[in-house]
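Q: curious how this folds, go ahead:
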Amino acid sequence: MEQNSWGWSERLSLSYEPMDDTHKEFVELCAALSEDNPATFLARLDALIVHSIAHFEQENQWMAETAFPPAGCHRQEHEAVLEVMQEVRRRVELGEADLATRLAEELPLWFEHHVDTMDNMLARFMASNPEKLADATVNAVQTQPA
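A: Predicted coordinates:
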């Protein structure tokens, strides 16, 4: 597996700090999938899956709190990408190592598109409806120990 130079950039910023902070962590964990160490791939993927479950649940909560109109579509995309990560994990564990490389290549492309479209709309909607949100800074995803 080739080392990937993909990482956080202002291009991914949505100017909504709780979401950007969560996205920075996702990018870091996702970029780590491309490390050239097959022996630790599953551990790195597990960390991304744990983060993604909390990350997606936080966004789902924001969508519910604000009655975000396209919430169903956004939620379905979260479920689909999480299902792909879990299926790749299962199949890599069974010996299909080539899927590790493929996921490391494809997931950043998916994420950039997801941020540009669905998350961008959600961030804008939340910014225009702040009264509907619970304290977003308290609810922000925190998957790393303090």
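Q: all contacts plus neighbour counts: C-alpha atoms, from now on.
A: Will do.
Q: quick one: residues contacting Asp46.
A: By C-alpha atoms under 8 Å, 6 or more residues apart in numbering, Asp46 lies in contact with Arg89.
Q: buried stuff in stretch 37-51?
A: By 16 or more other C-alpha atoms under 10 Å, the buried positions in stretch 37-51 come out as Pro38, Phe41, Leu42, Arg44, Leu45, Asp46, Ala47, Leu48, Ile49, His51.
Q: swap that for stretch 106-114, please
A: For stretch 106-114, by 16+ other C-alpha under 10 Å, it's Leu107, Pro108, Phe111.
Q: got it, and stretch 13-32?
A: 13-14, 18-20, 22-27, 29-32.
Q: may I have it exported as CSV, CA atoms only?
A: Extracted in CSV, the C-alpha atoms of stretch 13-32 (Å, rounded to 0.1, in the frame of the first residue of the first chain):
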residue,chain,number,x,y,z
SER,A,13,-13.8,23.4,6.0
LEU,A,14,-17.5,24.3,6.4
SER,A,15,-17.0,27.1,8.9
TYR,A,16,-19.0,25.2,11.5
GLU,A,17,-16.4,24.4,14.2
PRO,A,18,-18.0,21.3,15.8
MET,A,19,-18.4,19.7,12.3
ASP,A,20,-15.0,20.8,11.1
ASP,A,21,-13.4,19.3,14.3
THR,A,22,-15.1,16.0,13.7
HIS,A,23,-14.2,16.1,10.0
LYS,A,24,-10.5,16.7,10.9
GLU,A,25,-10.4,13.6,13.0
PHE,A,26,-12.2,11.6,10.2
VAL,A,27,-9.6,12.8,7.7
GLU,A,28,-6.7,11.9,10.0
LEU,A,29,-8.1,8.4,10.6
CYS,A,30,-9.0,7.9,6.9
ALA,A,31,-5.5,9.0,5.7
ALA,A,32,-4.0,6.5,8.1
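Q: report the distance from that stretch to the chain centre.
A: Stretch 13-32 sits 8 Å away from the centroid of its parent chain (C-alpha atoms, centre = their mean, to the nearest Å).
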